[in-house]
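*Asks:* Pasting the sequence and the predicted model now:
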Number of protein chains: 2
Amino acid sequence: MKSREVEKLEDLSRMFDEKSDVALGKFLKEVENQTSRRVEILKESATRVGKAHIIGITGPPGGGKSTLVSKICKELAKQDLQIAVVCVDPTSPFTQGALLGDRVRMLELAKFPNVFIKSLATRGNLGGLAASTSEIVQVFDAFDKDIILIETVGVGQIEFDVLEVADTVVLVNVPGLGDSMQTMKAGIMEVADVFVINQADRPGSDESVKDLRMMINESQKKDWKPPILKTIATLEEGITELISKVEEHKKYLQDSGKFKEIRETRNLKMFHEQLIHRIAEIVESYIHSEESIQMEIEEVKRGTRDPFTLAEKIGDKVTIK
Amino acid sequence: MKSREVEKLEDLSRMFDEKSDVALGKFLKEVENQTSRRVEILKESATRVGKAHIIGITGPPGGGKSTLVSKICKELAKQDLQIAVVCVDPTSPFTQGALLGDRVRMLELAKFPNVFIKSLATRGNLGGLAASTSEIVQVFDAFDKDIILIETVGVGQIEFDVLEVADTVVLVNVPGLGDSMQTMKAGIMEVADVFVINQADRPGSDESVKDLRMMINESQKKDWKPPILKTIATLEEGITELISKVEEHKKYLQDSGKFKEIRETRNLKMFHEQLIHRIAEIVESYIHSEESIQMEIEEVKRGTRDPFTLAEKIGDKVTIK
């Protein structure tokens, strides 16, 4: 007689095989809400991933990222590809209530059956958000999406964590960057693979391209020279060029072996995170069960005992066999 | 007969008691460079901290933060306080080679024997930078500094981690914030205790104050209403007012019990970090010694085995007694 547990697992596996949108939507929600099946879903999806091209689209707020993302989707959707959008941008109409114009844009995408949009709430823990982004991406990947677009805003700590998941990072800016260029220098320049000057009909776009070109030439990138593109997302100008550059970058990753490398690094990272998480749980529950340690922690808290010595003392009690 | 180890530890303790600038400089360097004595220095300092008022000064690049910091120092130095500056701003003249004008500014501070400046290099690992900031602050605190100023730039993930150490966060902006306001909304607004519009002689400063006032009133802060100040750091205008607001915030923290609370949270956090770090080391060394697990990890890396199940399996081998 099969246990209910086993039945459920077989169910899960079957649902992954069938790849219906209903199952996908259900799994995404369970992962996001951290239900009891979350880990089983992630286990099941872990060995089914690796095909999707994961593209991060980032940049400061007000640069028209959402419009750009929806136009890219529209263009890709026509090519009969399976597309997923993960939106972790708190300023995006995909995550917020948004204006009428933005809703119209979303409806535009809704008519394509091969586009699946998932918005992640950004309230609450930011570290958690980055973690669930990579889990959401994993589930999409296991459902054989060809392209997964991650829209994230170029602000704060979440961005880098979120972008770690991506194969190709597109940095979207607007003409007349000025001071914001300085800001960008501190980190994001190095992770961008394709630069976009959106709203290129605004004055100063050629200058911005020139400024960017100089900054890129200064930087240390070797094999891949990040291209700089001008787009006017609202008029759908430059979208096909952008897509072809992104595809070119994918080809570069594949030819150089980096596509595989990124996946391997991602797998190892997931393993280490899970391992530390699991062991932290074990230590946590030990600490809570020992009254004498509770008292010592209280002393650490009050500043009368040093945290290093206590951490070493507990560490000495750990054995693995 | 005393072992050399014990002698060294007594030495360390004595150096902490004497609180010479030479010892301080030595300890800071050892902590930053992670020498073998780092942990001993941190252990020794852990139970000596708690008095310093730790002030984070942040904001986008180009807002005149460094000038502001040096003017604040100059003013505080006159009051016969012991002051430390920890500089983790990659755009600051304190960390970079810098222009002549900036050097002059630093020399201005050098003449005060009660100001100690420590710059942290930002090249390399960002997470590591935040960790060493809190360690550097701990050593300064153990050396009885009255005020520790942390200068950090309002960009990227490091900022939030670095600012976690601070009791009082000062957010420095310039008139005509425009789009950058939107950017700020995403996180930093909530952690700021005092707002500064620097370069207030530039047009639009009153408007910026008004805009900020509106945003603050919208936000959920309760007991402490963050004040908004106008400064012209280059002319030393508004500096004493800024210092008095910062002191007011310290008084608020002390009266509300939050000053103590922040220290307790910091102590606990340090303990948990050390504990996880220690246990990760143990697990790491176990993994490296077991060939069969190495092979399973290789499978995880290649994507043929799921990371969750392997993490659970290793977790099951851990016992604490």
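*Replies:* Perfect, I can see it now. Numbering: from 1, shown residues only, chains lettered A, B, ... in the order given.

*Asks:* Can you point out the buried residues in stretch A:62-71?
*Replies:* Neighbour counts over stretch A:62-71 (16 or more other CB atoms under 10 Å in any protein chain shown) mark A:63-71 as buried. All C-beta spots, glycine's among them, are computed from the backbone N, C-alpha and C.

*Asks:* Check the secondary structure at residue A:171 for me.
*Replies:* Following DSSP: H, G, I helix; E, B strand; the rest coil, the label given to residue A:171 is strand.

*Asks:* Skipping adjacent residues, who's closest to it in space?
*Replies:* Using CB to CB, 6 or more residues apart in numbering or on different chains and skipping the chain neighbours, the partner closest in space to residue A:171 is residue A:192 (3.8 Å).

*Asks:* remind me which residues of the stretch 101-250 of chain A are low pLDDT?
*Replies:* Across the stretch 101-250 of chain A, the ranges flagged by pLDDT under 70 are A:101-107, A:121-130, A:153-160, A:177-188, A:218-222.

*Asks:* show me what contacts the residue nearest to residue A:171?
*Replies:* A:169-171, A:226 (CB atoms under 8 Å, 6 or more residues apart in numbering or on different chains).

*Asks:* Restricted to buried residues, select these in ChimeraX.
*Replies:* Entered in ChimeraX, the line below selects the buried ones among these, by 16+ other CB under 10 Å:
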select /A:169,170,171,226
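
*Asks:* which among the contacts of residue A:192 gets closest to residue B:254?
*Replies:* Among the contacts of residue A:192, residue A:171 lies closest to residue B:254 (CB to CB), at 44.5 Å.

*Asks:* any chance you could map the helices in chain A?
*Replies:* Assigned by DSSP state H, the helices in chain A fall at A:4-18, A:21-32, A:38-46, A:65-78, A:100-110, A:126-142, A:158-163, A:179-185, A:188-191, A:205-218, A:239-255, A:258-289, A:291-302, A:307-316.

*Asks:* Please convert those helices to JSON lines, extending it with distance to residue A:55.
*Replies:* Formatted as JSON lines, the helices of chain A follow (distance: least, CB to CB, whole Å):
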{"stretch": "helix A:4-18", "distance to residue A:55": "23"}
{"stretch": "helix A:21-32", "distance to residue A:55": "18"}
{"stretch": "helix A:38-46", "distance to residue A:55": "19"}
{"stretch": "helix A:65-78", "distance to residue A:55": "8"}
{"stretch": "helix A:100-110", "distance to residue A:55": "16"}
{"stretch": "helix A:126-142", "distance to residue A:55": "11"}
{"stretch": "helix A:158-163", "distance to residue A:55": "10"}
{"stretch": "helix A:179-185", "distance to residue A:55": "19"}
{"stretch": "helix A:188-191", "distance to residue A:55": "13"}
{"stretch": "helix A:205-218", "distance to residue A:55": "19"}
{"stretch": "helix A:239-255", "distance to residue A:55": "6"}
{"stretch": "helix A:258-289", "distance to residue A:55": "12"}
{"stretch": "helix A:291-302", "distance to residue A:55": "45"}
{"stretch": "helix A:307-316", "distance to residue A:55": "41"}
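
*Asks:* wait, which of the ones you listed is closest to residue B:299?
*Replies:* Here helix A:258-289 is closest among those (CB to CB), at 9.4 Å.

*Asks:* Give me the mean pLDDT for the closest one.
*Replies:* Model confidence over helix A:258-289 averages 89 on the pLDDT scale.

*Asks:* what's the distance between stretch A:227-240 and the middle of its chain?
*Replies:* 23 Å (CA atoms, centre = their mean, to the nearest Å).

*Asks:* mind listing what's buried in that stretch?
*Replies:* A:227-233, A:237-239.

*Asks:* follow-up on the earlier one: from the buried residues of stretch A:62-71, which single one is nearest chain B?
*Replies:* residue A:63 (9.2 Å; CB to the nearest CB).

*Asks:* List the contacts of that closest one.
*Replies:* A:172-174, A:198-199.

*Asks:* just the buried members of the residues you listed?
*Replies:* The buried subset of the contacts of residue A:63 - by 16+ other CB under 10 Å - is A:172-174, A:198-199.

*Asks:* The stretch 201-321 of chain A against chain B: which residues are in contact?
*Replies:* The stretch 201-321 of chain A comes close to chain B at residues A:263-264, A:267-268, A:270-271, A:274-283, A:286, A:297, A:300-312, A:314-315, A:317-321, as judged by CB under 8 Å from any CB of the partner chain.

*Asks:* Any of those buried? List them.
*Replies:* A:263, A:267, A:270-271, A:274-276, A:278-280, A:282-283, A:286, A:297, A:300-301, A:303, A:305-308, A:310-311, A:314-315, A:318, A:320.

*Asks:* which among the buried residues of stretch A:227-240 gets closest to chain B?
*Replies:* The nearest one, if we look at these relative to chain B and count by CB to the nearest CB, is residue A:233, at 17.4 Å.

*Asks:* Kindly provide the distance from the closest one to residue B:28.
*Replies:* 50 Å (CB to CB, to the nearest Å).

*Asks:* Ok, residue A:18 next?
*Replies:* Residue A:18 is 60 Å from residue B:28, by CB to CB.

*Asks:* Compare these two and say which one has the larger neighbour count.
*Replies:* residue B:28 (22 against 11; other CB atoms under 10 Å in any protein chain shown).

*Asks:* what's across from the nearest residue to the more buried one once chain neighbours are set aside in the sheet?
*Replies:* Nearest residue to residue B:28 in three dimensions, chain neighbours excluded: residue B:118, at 5.4 Å (CB to CB, 6+ apart). Beta bridges link residue B:118 to residue B:86, judged by DSSP bridges.

*Asks:* Could you give the number of residues near residue B:118?
*Replies:* Neighbour tally, residue B:118, other CB under 10 Å: 23.

*Asks:* contacting residues for it?
*Replies:* B:28, B:84-87, B:136, B:140.

*Asks:* can we see that at 7 Å?
*Replies:* Counting by CB atoms under 7 Å, 6 or more residues apart in numbering or on different chains, residue B:118 makes contact with B:28, B:84-87, B:136.

*Asks:* do you know how far the residue nearest to residue A:223 when sequence neighbours are not counted is from residue A:40?
*Replies:* Of all residues not flanking residue A:223 in the chain, residue A:256 sits nearest, at 6.3 Å (CB to CB, 6+ apart). Going from residue A:256 to residue A:40 by CB to CB gives 35 Å.

*Asks:* of those two, who's got more company?
*Replies:* Neighbours were counted for residue A:256 and for residue A:40 using other CB under 10 Å; residue A:40 has more, 18 against 12.

*Asks:* What about the closest residue to the more buried one other than its chain neighbours, how many residues nearby?
*Replies:* The shortest distance from residue A:40 to any non-neighbouring residue, by CB to CB, 6+ apart, is to residue A:12 (5.9 Å). The number of residues packed near residue A:12 is 18, by other CB under 10 Å.
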